[in-house]
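Undergrad: whatever this is, show me its structure:
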Amino acid sequence: MEKKHSGDLGKKIAYYALIGVFGLVFLCSALYIGNYLLKSGEANNAYENLEQMRPPRPVATQPKPPATDPSTGETLPPTTAEPEPTAPGGMLIEQYPFYEMNNDMVGWITVPDTKINYPVMQTPDNRDYYLNHDFKKQWSAWGAIYAREECDVNEPSDNITLYGHHMKDGSMFAGLDKFKKQAFWEDHQTFYFDTLYERHTYKIWAVFKTSANLDQGFPYHNFVDAANEEEFNEFVATVKRLQFYETGYTPEFGEKLLTLSTCEYSLDNGRFVVCAVRID
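TA: Below is the predicted model of the structure:
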């Protein structure tokens, strides 16, 4: 009888120990999820506040046809348009308040019908600083959208690479995932990347994925300025070979490119890349 009771006691101890382990795992998971949701809310609220501070992007107006004198029918001389007001140093009015808050800001990117509506940062002397720091320079797993250090945003370089995390809450560059489907691209072929001094529209010419592992994938981010036309065309041809679908557009030497890069999880150390060309 004692042996039976001893066996039953051992089973009970094992049972309650197992329950305890499951309970501890559940508690840790709940704490992790709760902390992630809290940090997610804080990060998104911070960027949403910046977005709300920024005035709507001005819509480009079409030039008016020449006016004529109704009495003579002669063409009147064109009227001189009033120059657009700018901030100190010729900076765009809408960019200046953010630049004052953080001088690392070099522009603003907006991709319609995604959450991508963020300031773009750059630290030429501090590589990948905004990989884990937000706009206010506070540590953050969300980081910020930032330009590769070697790129010249204003010149600009032949190809500017912008990095952003693929966050589970859909923020930062997670919205690029939508371009995996050609149907979404067909309705969203253009987006905006405004520097501190100029507004520009970009057209998407290719979408692809690759591995960032050394000697395994295509190191697209290393292409900044072409040494010659052959090098430019080689970069374009490689991207076209990797693209998910045909867009019908092939950039030519002399055109300015913008490459948006984020993580891709179907490959080992994968990257998802959206390539665009400046059209105005």
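
Undergrad: can you point me to the longest strand in the protein?
TA: strand 201-211 (DSSP state E).

Undergrad: pull out the buried positions in the next helix or strand after it.
TA: Next along the chain after strand 201-211, taking DSSP states H and E as the criterion, comes helix 229-242. Buried residues in helix 229-242, defined by neighbour count with 16 or more other Cβ atoms under 10 Å: 232, 235, 236, 238, 239, 240, 242. Just so you know, the C-beta spots here come from the backbone N, C-alpha and C atoms, and that holds for glycine as well.

Undergrad: helix 229-242 vs strand 201-211, what angle?
TA: 70 degrees (axes from the mean of the first three to the mean of the last three Cα atoms, to 10 degrees).

Undergrad: on the pLDDT front, check the most centrally placed residue in the chain for me.
TA: Residue closest to the average C-alpha location in the chain (Cα atoms, centre = their mean): residue 173, at 4.4 Å. pLDDT recorded at residue 173 is 98.

Undergrad: give the contact list for it.
TA: Residues in contact with residue 173 (Cβ atoms under 8 Å, 6 or more residues apart in numbering) are 116, 145, 163, 164, 165, 166, 260, 261, 262.

Undergrad: save these as TSV, and put in secondary structure, distance to residue 247 and neighbour count too.
TA: Formatted as TSV, the contacts of residue 173 follow (DSSP: H, G, I helix; E, B strand; the rest coil; distance: Cβ to Cβ, whole Å; neighbours: other Cβ atoms under 10 Å):
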residue	secondary structure	distance to residue 247	neighbour count
116	coil	19	20
145	strand	23	25
163	strand	22	24
164	coil	21	26
165	coil	25	19
166	strand	22	20
260	strand	15	27
261	strand	18	22
262	strand	19	22
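
Undergrad: reformat these as JSON lines; add pLDDT.
TA: Formatted as JSON lines, the contacts of residue 173 follow (pLDDT from 0 to 100):
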{"residue": "116", "pLDDT": "98"}
{"residue": "145", "pLDDT": "98"}
{"residue": "163", "pLDDT": "98"}
{"residue": "164", "pLDDT": "98"}
{"residue": "165", "pLDDT": "97"}
{"residue": "166", "pLDDT": "97"}
{"residue": "260", "pLDDT": "98"}
{"residue": "261", "pLDDT": "98"}
{"residue": "262", "pLDDT": "98"}
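
Undergrad: tell me, how many residues neighbour the closest residue to residue 116 other than its chain neighbours?
TA: In this structure, residue 116 finds its nearest non-sequential neighbour in residue 175, 4.9 Å apart by Cβ to Cβ, 6 or more residues apart in numbering. For residue 175, the neighbour count with other Cβ atoms under 10 Å is 20.

Undergrad: can you confirm residue 175 is in a strand?
TA: No. According to DSSP: H, G, I helix; E, B strand; the rest coil, the state of residue 175 is helix, so it is not within a strand.

Undergrad: spit out the contact partners of it.
TA: Contact analysis of residue 175 by Cβ under 8 Å, 6+ apart lists 111, 114, 115, 116.

Undergrad: farthest-apart pair in the residues you listed, please.
TA: 111 and 115 (8.6 Å; Cβ to Cβ).

Undergrad: before we move on, back to that, which among the contacts of residue 173 gets closest to residue 216?
TA: Nearest to residue 216 among the contacts of residue 173, with distances taken as Cβ to Cβ, is residue 261, at 15.9 Å.

Undergrad: pretty sure residue 172 contacts residue 142?
TA: Yes. Residue 172 lies in contact with residue 142 (Cβ atoms under 8 Å); the separation is 6.0 Å.

Undergrad: shared neighbours of those two, which are they?
TA: Between them, residue 172 and residue 142 share the contacting residues residue 165, judged by Cβ under 8 Å, 6+ apart.

Undergrad: who has more neighbours, those two?
TA: Taking neighbours as other Cβ under 10 Å, residue 172 and residue 142 compare with residue 172 leading, 24 against 20.

Undergrad: tell me the spacing between the more buried one and residue 44.
TA: Residue 172 is 10 Å from residue 44, where distance means Cβ to Cβ, to the nearest Å.
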